[in-house]
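Student: Compute the structure for the input listed below.
(one chain, ligands or ions: 1)
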Amino acid sequence: MIASIVEEVSKRLDGGLCVELPDGKVLGAGKCKVRIKDKDVIKKVLKDPEMGFGEAYIKGGIEVDGDLESFLVACTCYLREKDEDKSFRNSWGRMLLKYLGLLKFLEGKEVRRHYDLGNDFYQLWLDSSMTYSCAFFSNKDQSLEEAQAEKRSIIYEKLQLTDGDSLLDIGCGWGSIILEAPKLYNIEATGITLSKNQYEYVKSRIESEGLKDRVRVYLMHYEDLPKLDKKFNKVVSVGMFEHVGKGRHRKFFRVVEKVIHEGGLFLLHTIGKVLPESQSRWIRKYIFPGGYIPALTEILEASKGLGFNLIDIDDWRLHYYRTLREWRKRFYQHTRDVVQKHGEEFFRMWELYLVSSAVSFLTGSNHLFQILFSKGVLNNYPIMKRQFIVNNFVV
Ligand SMILES: C[S@@+](CC[C@H](N)C(=O)[O-])C[C@H]1O[C@@H](n2cnc3c(N)ncnc32)[C@H](O)[C@@H]1O
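Tutor: Model (predicted):
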């Protein structure tokens, strides 16, 4: 059975694959060499390929001597064709916690665990604006910094930012939008985050950059936004919706509906799937507990009947692939620092997270949607002049 799997994956991998088993026996012949160090690993991978491989990889039970990304692409294609991926089910435990009101608390803990690993860790591999979401590359020589700046300017354009606007950023991260937009437009900006590190960072930059009269940041859950007792005419949320969780998307839209002015614009930037499908259990266990990649259909369904009107949908799938490759390149440049501070297993876990996420965009499992809504029907929204960007420089 293993021999036939090796053969199938090998067919889908440039240069082929060989696998060295724990007893020293080698299956297949190829450039990419996978070493399995322990018999138990084989059983676990056969039972649950994604989780089995992921857990063994971070513990060093499997080593890949070759291009990890191409190997994972070949495995993804093989599994997809075999239809071995198991579907994700919302657990009864989470449903019960939701009704006990504990889910919000748990969510806060889960989100903080990820973002409060230390600003210095993220500074190693994010661009200088500390943007932790998909950038937009419009030419092949663009740096990550430039592509993140370009993404922000597209967002401002889609939101039609104009002097006098009040902008809300739900899940503002390290503040790249709320710290920049008020310098370009005479607007007020408010950001919220669940991460204490991000909150402290943004607060100190607001002070040091003299933005106190026009920029505010709050450490709060989006569900508490109505407590601010303030409405905004432009709302954006970038890379945060993935944390909202299955079954809670409508609640999120209800909150946005409460804090947006009639005639306002809401831009939602999120990883998504076209239709609901299985989720990566490994990512949910090790990287984003509680996270859920929504389907486009689920997003649109959640917005129904609340007065939102769809203006436009973009898919930046390959731009996220390239963003992840840029992050990975920088991450590898700091291998020693990461291993020294966080340990070998942590390094391998984050390496696998960055590579497998890139693979998910490359193979079309994940997309990056920018969905623009107006609150109420807007018939004077300008028709955007779009330039077709040739994607072949992205990959
Ligand atoms: C991937 S980061 C994106 C940050 C930023 N928008 C960017 O593009 O760099 C996700 C952000 O969402 C925030 N977040 C996640 N769940 C949240 C919640 N329930 N309420 C408020 N913010 C949340 C996190 O604290 C983090 O700032």
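Student: where do the strands sit along the chain?
Tutor: Here the chain has its strands, by DSSP state E, at 17-20, 26-27, 32-36, 62-65, 166-170, 188-193, 215-219, 232-238, 260-272, 308-315, 367-375.
Student: As a markdown table, the ones you listed with mean neighbour count, distance to the ligand and mean pLDDT would be great.
Tutor: No exception for glycine: its C-beta is placed from N, CA and C like everyone else's. Shown next, in a markdown table, are the strands of the chain (neighbours: other Cβ atoms under 10 Å; distance: least, Cβ to the nearest ligand atom, whole Å; pLDDT from 0 to 100):
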| stretch | mean neighbour count | distance to the ligand | mean pLDDT |
| --- | --- | --- | --- |
| strand 17-20 | 21 | 34 | 96 |
| strand 26-27 | 15 | 40 | 94 |
| strand 32-36 | 20 | 31 | 95 |
| strand 62-65 | 17 | 27 | 95 |
| strand 166-170 | 24 | 6 | 98 |
| strand 188-193 | 24 | 4 | 98 |
| strand 215-219 | 20 | 9 | 98 |
| strand 232-238 | 24 | 4 | 98 |
| strand 260-272 | 21 | 8 | 98 |
| strand 308-315 | 16 | 16 | 96 |
| strand 367-375 | 21 | 12 | 98 |
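Student: The ones you listed: which one's closest to residue 203?
Tutor: Checking those against residue 203 by Cβ to Cβ gives strand 215-219 as the closest, at 5.8 Å.
Student: what packs against the closest one?
Tutor: Judged by 3 or more Cβ pairs under 8 Å, 6 or more residues apart in numbering; DSSP states H and E, the packing partners of strand 215-219 are helix 176-184, strand 188-193, helix 196-208.
Student: could you check whether the last one is close to the ligand?
Tutor: In other words, helix 196-208. Yes: Helix 196-208 comes into contact with the ligand (Cβ under 6 Å from any ligand atom), by way of residue 198.
Student: so what does that helix touch, helix or strand wise?
Tutor: Applying 3+ Cβ pairs under 8 Å, 6+ apart, one finds that helix 196-208 contacts helix 103-115, helix 119-125, helix 176-184, strand 188-193, strand 215-219.
Student: before we move on, the earlier item: check the helices and strands packed on strand 215-219 for me and report the most buried one.
Tutor: With neighbours defined as mean count of other Cβ atoms under 10 Å, the helices and strands packed on strand 215-219 peak in mean count at strand 188-193, which reaches a mean of 24.
Student: For that strand, C-alpha coordinates in PDB please.
Tutor: Output of strand 188-193 as PDB, limited to C-alpha atoms (Å, rounded to 0.1, in the frame of the first residue of the first chain):
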ATOM      1  CA  GLU A 188     -10.800  59.800  11.800                       C
ATOM      2  CA  ALA A 189      -9.800  56.200  12.200                       C
ATOM      3  CA  THR A 190     -10.600  53.600  14.900                       C
ATOM      4  CA  GLY A 191      -9.200  50.100  15.100                       C
ATOM      5  CA  ILE A 192      -9.900  47.200  17.300                       C
ATOM      6  CA  THR A 193      -7.900  44.100  18.100                       C
END
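Student: number of nearby residues for residue 228?
Tutor: Counted with other Cβ atoms under 10 Å, residues neighbouring residue 228 total 15.
Student: ok, it - contacts?
Tutor: When contacts are counted by Cβ atoms under 8 Å, 6 or more residues apart in numbering, residue 228 touches 190, 218, 259.
Student: again with residue 206
Tutor: Per Cβ under 8 Å, 6+ apart, neighbours of residue 206: 175, 179, 212, 215-217.
Student: hmm, back to that, looking at the helices and strands packed on strand 215-219, which is nearest to residue 127?
Tutor: Using Cβ to Cβ and comparing those, the one that lies nearest residue 127 is helix 176-184, at 8.9 Å.
Student: now the angle from the closest one to strand 166-170?
Tutor: 160 degrees (axes from the mean of the first three to the mean of the last three Cα atoms, to 10 degrees).
Student: and helix 176-184 with strand 232-238, angle?
Tutor: 140 degrees.
Student: Give me the neighbour count for the closest residue in space to residue 250 that isn't next to it in sequence.
Tutor: Spatially, and ignoring its direct neighbours in sequence, residue 250 is nearest to residue 302 (4.4 Å; Cβ to Cβ, 6 or more residues apart in numbering). Counted by other Cβ under 10 Å, the residues lying close to residue 302 total 21.
Student: Next: residue 159.
Tutor: For residue 159, using other Cβ under 10 Å, the count is 21.
Student: Tell me who's in contact with it.
Tutor: Contacts of residue 159 (Cβ under 8 Å, 6+ apart): 165, 167, 234, 236, 265, 267.
Student: Not counting its neighbours along the chain, what's nearest it?
Tutor: residue 234 (4.7 Å).
Student: close enough to count as contact, the one you found and residue 169?
Tutor: No: Residue 234 lies out of contact with residue 169 (Cβ atoms under 8 Å); the separation is 9.4 Å.
Student: Could you check the pLDDT of the residue nearest to residue 250?
Tutor: At residue 302, the pLDDT value in this model is 97.
Student: ok, it to residue 223 distance?
Tutor: Between residue 302 and residue 223 the distance is 15 Å, computed by Cβ to Cβ, to the nearest Å.
Student: And residue 2, by the same measure?
Tutor: From residue 2 over to residue 223 (counting by Cβ to Cβ), the distance is 48 Å.
Student: Kindly report the residues of the stretch 251-395 of the chain close to the ligand.
Tutor: So the stretch 251-395 of the chain never meets the ligand (Cβ under 6 Å from any ligand atom).
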